[in-house]
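# Predicted coordinates and the sequence they were generated for:
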Protein chains: 4
Amino acid sequence: MLNIGIAGLGRMGQRHAEQLALRTRGARLVAACSPLVAERTWARERLGVTALYDEFGALLRDANVQAVAIATPTTLHAEQAIAALEAGKHVFCEKPLALDVASCERVEAVARKHPQLVAMVGFVRRFDAHYQEAKAQVDAGCIGKPFLIRSQSCDKNDPDGFFVRFAPTSGGIFLDCSVHDIVVARWMLGGQPKAQRVFASGTIALHPGLADCGDVDNGLAIVEFEGGARAQFYASRTFAHGFEASTEIIGTAGSASVGLGAHRDRVQSRDAAGVHHAVLADFIERFDDAFQREMAAFVGACKGEAPVPLTLSDATEATRIGVAITKSLHSGQVEVVI
Amino acid sequence: MLNIGIAGLGRMGQRHAEQLALRTRGARLVAACSPLVAERTWARERLGVTALYDEFGALLRDANVQAVAIATPTTLHAEQAIAALEAGKHVFCEKPLALDVASCERVEAVARKHPQLVAMVGFVRRFDAHYQEAKAQVDAGCIGKPFLIRSQSCDKNDPDGFFVRFAPTSGGIFLDCSVHDIVVARWMLGGQPKAQRVFASGTIALHPGLADCGDVDNGLAIVEFEGGARAQFYASRTFAHGFEASTEIIGTAGSASVGLGAHRDRVQSRDAAGVHHAVLADFIERFDDAFQREMAAFVGACKGEAPVPLTLSDATEATRIGVAITKSLHSGQVEVVI
Amino acid sequence: MLNIGIAGLGRMGQRHAEQLALRTRGARLVAACSPLVAERTWARERLGVTALYDEFGALLRDANVQAVAIATPTTLHAEQAIAALEAGKHVFCEKPLALDVASCERVEAVARKHPQLVAMVGFVRRFDAHYQEAKAQVDAGCIGKPFLIRSQSCDKNDPDGFFVRFAPTSGGIFLDCSVHDIVVARWMLGGQPKAQRVFASGTIALHPGLADCGDVDNGLAIVEFEGGARAQFYASRTFAHGFEASTEIIGTAGSASVGLGAHRDRVQSRDAAGVHHAVLADFIERFDDAFQREMAAFVGACKGEAPVPLTLSDATEATRIGVAITKSLHSGQVEVVI
Amino acid sequence: MLNIGIAGLGRMGQRHAEQLALRTRGARLVAACSPLVAERTWARERLGVTALYDEFGALLRDANVQAVAIATPTTLHAEQAIAALEAGKHVFCEKPLALDVASCERVEAVARKHPQLVAMVGFVRRFDAHYQEAKAQVDAGCIGKPFLIRSQSCDKNDPDGFFVRFAPTSGGIFLDCSVHDIVVARWMLGGQPKAQRVFASGTIALHPGLADCGDVDNGLAIVEFEGGARAQFYASRTFAHGFEASTEIIGTAGSASVGLGAHRDRVQSRDAAGVHHAVLADFIERFDDAFQREMAAFVGACKGEAPVPLTLSDATEATRIGVAITKSLHSGQVEVVI
């Protein structure tokens, strides 16, 4: 059994804590860290966690903890990951690793000094069975050589504007949402190609408050990869009907897609207004199984059973491209990815 | 140009009249017959037909008329078809040919005496491009040997109850609706197999007035064909969302289907209630193109260009099976098809 | 923790054993019973079960066992369920409870004497999230009053003919497959209506060996319920493309369906041959989650948390209808359900 | 009856000639002009056209001709449209009106001097029933305020490379294909908004010969409209499975789409490889009905029955945006639309 401690018990932290405590075989959630009393109480009462800390350093000093899952605010990710590695703990870090490339590279440098430790960033679509099936088709040559990705991450509109309040620290719509599409694009194209240039544009359809931090609620981007491949991304915060994450991988002999059609389940309704089906509510509903597989992959890697399928370098590249796209959104010009 | 006269200017009659006058190349609608002044006026003003008659015999005496399209009430079909053939006219007759087998056979006997004349019954699905594509796949061996048909003809509920008033003379839901599925089933199975036994059951969901004439608004039937093939039919008058005619042809190596999904067009909508699409309103909207191709096939056959793809015998068999199904609905027992 | 012992470690037994040992919270698989050494070894090595028995009586004498899951051949179900109840154990029994009504009623009688014990039959679709969503729509009145069920259970063809060898003891295609549709139909119609009459027909498309035991590989049935509701069932062993379990619930104001379209996952492929998607392989792939929820419901009921949603009487009625359908297949006549 | 003469009898010219001669009520194809003897022979033998000319001026001098349909090479469109207007003929011109804005504006200027003459450019999607239904939903407020268009025009790969040979005079993939999406986008957004800035990128996946003229076989573009609306276009020459033209119109309260799913007809197939459906072969198969409605609209406008729904100015704007996108493809930079 791998003893894991979790840092951060917000929305994603609680999700990961439940995965680790209740659904991840071979792992034990032994410790949790949060500055909030209510969250620590939740961990004790809901999950039976007894080692509870109000600051990250204390968690790292818990000798019983072999691995740390970081689900704190993004601005803390890189430094906490570094501290955990230096404390000899395996690290799972929620995405994105950091909102700037330099921080990502600092984590990479520290990780290189600790090759025996696992350091993994949670790009959950890599662990989704549907994306994996599409990737298997691509790798089997079913679509010829892939050269174009069209991918979208679109959230159901939240009238409460949670993400508007979150926007100043989220890195913006591209670093928060499209970063998933970026990771998927490089994976599906094969060989993890480097991006060379990007262009982005966006608009505010429903949430004027985003203008204050230069963000948009609907964003479009084009990415040019070395070798000629291209990607087109769309991110939205304002879908009326639900959450839609979909990806098309277009190749010289065909294409594969994941998630088109947006059905929540296998139910269809017919009434005087026509034929209907429901749509998934959010990424948590969509990727519930994938979150479980993601954590299983992390635990397996910590135990030496199989390497993690994505590297810290993949996370760094995702940030690099996301930063360039965001810069293009602000400058209105094509930006070189550096 | 083939000169055609039409008999009957009700719902289907007007439809066929418009096809012949406006959309059928190589044909000319030169005469029309209806007992109603208003309908004759419509034919003159809307379609420019000048030879107008109030009784069928007069239409047959019009030497300018080479072919007759019969869209009168079903009870008149057989005798009018016979009279037209004996008057030396090609005959197109709206389905069903008759509600009893003996009448069908009488028409067949007369037609055999006039082999130079075309006699065709309007089973429109045989002329639908989608059904023809499925048939082509079946004939190409794509599904192996077909052995099971599941087919449905379901109308959008009509709160006005038109068909309730029509029920006493329609022959009931199976002879009125499922007769299309019967024709399709025998065609798709290949070799126009004979039916041996049938069983039917039904229920009245919305239209209690149907009980008076022993009819139902939702009917189910099973047909056993010689050689082991089977068919399952469903007919409904009460669909809330629109018209759905669909057929599955199941074979030893696969299956083909026509019409599943029930989309009206290529438009899809997404809003807070989910994903939606509209459904076709009725058989006229669904088979608009097929009606055109049907009449073109009739005209072509009259001109000797190509034989009609279905025979009077097919129409007789459809009535024979439909009669047996209806008898089973009433008796509650399995009925032998004789 | 509820201590459970399992009887039978064949295909379904292994599945349930894994569920209980690895995925069912609040339960512990503490014992297993199989006449085969290899299966007992599997339980010990794969699942760590230490109390292993070669006969059912020994399992019942294990005082540590509080509940028994029965996944033995169908012919043993009823007597083992009775013995387990008399031994004071909760009972989960794989479907069908028995192939004859009298046996079902004997189990019911014994269960009535032990009201403190849970006795549940594993009709897994009742625990499937998609079926539950459709049922919720029906109960919410979205389709008006339901009056017609069309439901199918169709397996991918198995060239090895496993089920042909299994046929003599399976009860035939309707008791083995359609029994699920029967349970779903009565549930969806509301009020668990009684069936009054049935008719069945079938054909052998690919497996002539079935003729020896009067079975077919494709079967059709119509069921008439009291109050006017009707159901139409289709069961097949010969689908080329995969497993399809689907159900339509048709009401006076609309309809709901589960499982139409038969997509395995959210992946779609496009190549020179058109647009494609894969289909589920079998019921295990389709109902994986539902099996987990089913066992969780059983464990919860044993612990007194919530009653089991289906009763032994529902299982008896399913057998009663299935038996009548099978009798109709053999007699070729309408059969009264008694 | 409106007497029409056609100029150009290539692929599109023959199509329009057949529409006019065989399927357009109220019009008569009385003259045709082509420099090729074979094409003129085709017009005489296939369509019975007797007034045949080898140069455009002669067609204009034919006093019997009231309206001219121009389907010549794009480079001739503008000058021929001007000449026809000055000769007092109504003008239907196949798209695009011209590959440069100045030419479009010259046509507009001449047209303004002849307000009694119809001058219409053939953007066929405006006449497609599916696009019109989506537009009706948008206009009815079903999706709130539209602010984002995603639209694609993707051709089945032609191994013969017809369009490679055609590329030097086509204006490139954006002016040839995406021009349809541009017209649709401005229509759907409402108010025919002006574009301000564009960015484009592309790649050559299968046809290296395109590099010679600076074209690509897969192109992506983003367009920024005044008022905040955005559009994303994708054009491809290399789809393996068939032709796909689809458009999503995204609004503040929902979205509508046309053409997603790419089914050719209502037929679906199931076999050992899964579930399949065919895809449309090309734009001619897809827009067959729309071409008919387009010509009917032109004829109706010439007769004064209803104005043409799109103006020459719409055609000019489409060229203006298409030129800017093409310039961006070549410069690699954001281009201002002027």
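Yep, it's here. Numbering: from 1, shown residues only, chains lettered A, B, ... in the order given.
# The nearest residue to residue A:333 once chain neighbours are set aside - how many residues pack around it?
Of all residues not flanking residue A:333 in the chain, residue D:334 sits nearest, at 5.8 Å (Cβ to Cβ, 6 or more residues apart in numbering or on different chains). Every residue, glycine included, has its C-beta placed from N, CA and C. Counted with other Cβ atoms under 10 Å in any protein chain shown, the neighbours of residue D:334 add up to 20.
# list the contacts for the residue in the stretch 51-200 of chain A that chain D sits nearest to?
Ranking the residues of the stretch 51-200 of chain A by distance to chain D (Cβ to the nearest Cβ) places residue A:199 first, at 4.4 Å. Counting by Cβ atoms under 8 Å, 6 or more residues apart in numbering or on different chains, residue A:199 touches A:221-222, A:328, A:333-335, D:199, D:201, D:222, D:334.
# Kindly give a single PyMOL line that selects the buried subset of those residues.
Of these, the buried ones can be selected in PyMOL as follows, counting by 16 or more other Cβ atoms under 10 Å in any protein chain shown:
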select buried, (chain A and resi 221+222+328+334+335) or (chain D and resi 199+201+222+334)
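# can I get the contacts of residue A:199 in a markdown table with distance to residue C:124, pLDDT and secondary structure?
Output for those, formatted as a markdown table (distance: Cβ to Cβ, whole Å; pLDDT from 0 to 100; DSSP: H, G, I helix; E, B strand; the rest coil):
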| residue | distance to residue C:124 | pLDDT | secondary structure |
| --- | --- | --- | --- |
| A:221 | 45 | 98 | strand |
| A:222 | 47 | 98 | strand |
| A:328 | 52 | 98 | helix |
| A:333 | 58 | 98 | coil |
| A:334 | 56 | 98 | coil |
| A:335 | 54 | 98 | strand |
| D:199 | 53 | 98 | strand |
| D:201 | 51 | 98 | strand |
| D:222 | 49 | 98 | strand |
| D:334 | 57 | 98 | coil |
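# now residue A:215: how far from residue A:186?
Residue A:215 sits 24 Å away from residue A:186, going by Cβ to Cβ, to the nearest Å.
# So which of the two has more stuff around it?
residue A:215 (28 against 24).
# quick check, the more buried one in a strand?
No - counting by DSSP: H, G, I helix; E, B strand; the rest coil, residue A:215 falls outside a strand, being coil.
# How are the helices of chain A distributed by residue range?
Ranges of helices within chain A are A:11-18, A:37-47, A:56-61, A:74-86, A:101-113, A:129-139, A:162-170, A:173, A:179-189, A:283-286, A:288-302, A:312-331, based on DSSP state H.
# wait, which of those helices is closest to chain B?
helix A:283-286 (13.9 Å).
# buried residues in the closest one?
Buried residues in helix A:283-286 (16+ other Cβ under 10 Å): A:283, A:286.
# What would it look like as PDB? C-alpha coordinates only.
C-alpha atoms of helix A:283-286 as PDB (Å, rounded to 0.1, in the frame of the first residue of the first chain):
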ATOM      1  CA  PHE A 283     -15.800  17.800 -16.800                       C
ATOM      2  CA  ILE A 284     -16.200  15.900 -13.500                       C
ATOM      3  CA  GLU A 285     -19.200  14.000 -14.800                       C
ATOM      4  CA  ARG A 286     -17.400  13.400 -18.100                       C
END
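# neighbouring contacts of it?
By Cβ under 8 Å, 6+ apart, helix A:283-286 touches A:15, A:124, A:155, A:243, A:245, A:264, A:280, A:291.
# any idea how far the third one lies from residue A:285?
Shown here: residue A:155 relative to residue A:285, a distance of 12 Å by Cβ to Cβ.
# go on, the first one?
Plainly put, residue A:15 is 11 Å away from residue A:285 if you go by Cβ to Cβ.
# Spit out the contact partners of residue A:149.
A:181, A:184-185, A:188-189, A:229-232, A:247-250.
# so how far is residue D:230 from it?
19 Å.
# got it, and residue A:130?
28 Å.
# Settle it for me: which of these two has more neighbours?
residue D:230 (24 against 21).
# Let me see the confidence value for that one.
On pLDDT, residue D:230 comes in at 98.
# need the residues of the stretch 151-300 of chain A near chain B, please.
A:239-242, A:261-263, A:270-279 (Cβ under 8 Å from any Cβ of the partner chain).
# Using a markdown table, lay out the contacts of helix A:283-286 together with pLDDT and distance to residue C:55.
As requested, these are exported to a markdown table (pLDDT from 0 to 100; distance: Cβ to Cβ, whole Å):
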| residue | pLDDT | distance to residue C:55 |
| --- | --- | --- |
| A:15 | 93 | 46 |
| A:124 | 97 | 48 |
| A:155 | 97 | 58 |
| A:243 | 97 | 53 |
| A:245 | 97 | 53 |
| A:264 | 95 | 47 |
| A:280 | 96 | 49 |
| A:291 | 96 | 44 |
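# and those residues as JSON lines, adding distance to residue D:7 and neighbour count?
Formatted as JSON lines, those follow (distance: Cβ to Cβ, whole Å; neighbours: other Cβ atoms under 10 Å in any protein chain shown):
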{"residue": "A:15", "distance to residue D:7": "66", "neighbour count": "18"}
{"residue": "A:124", "distance to residue D:7": "59", "neighbour count": "23"}
{"residue": "A:155", "distance to residue D:7": "52", "neighbour count": "22"}
{"residue": "A:243", "distance to residue D:7": "52", "neighbour count": "21"}
{"residue": "A:245", "distance to residue D:7": "50", "neighbour count": "25"}
{"residue": "A:264", "distance to residue D:7": "54", "neighbour count": "19"}
{"residue": "A:280", "distance to residue D:7": "54", "neighbour count": "21"}
{"residue": "A:291", "distance to residue D:7": "63", "neighbour count": "22"}
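# What is the nearest of the residues you listed to residue D:25?
residue A:264 (47.0 Å; Cβ to Cβ).
# Could you double-check that residue A:234 sits in contact with residue A:222?
No - using Cβ atoms under 8 Å, residue A:234 makes no contact with residue A:222, being 10.6 Å away.
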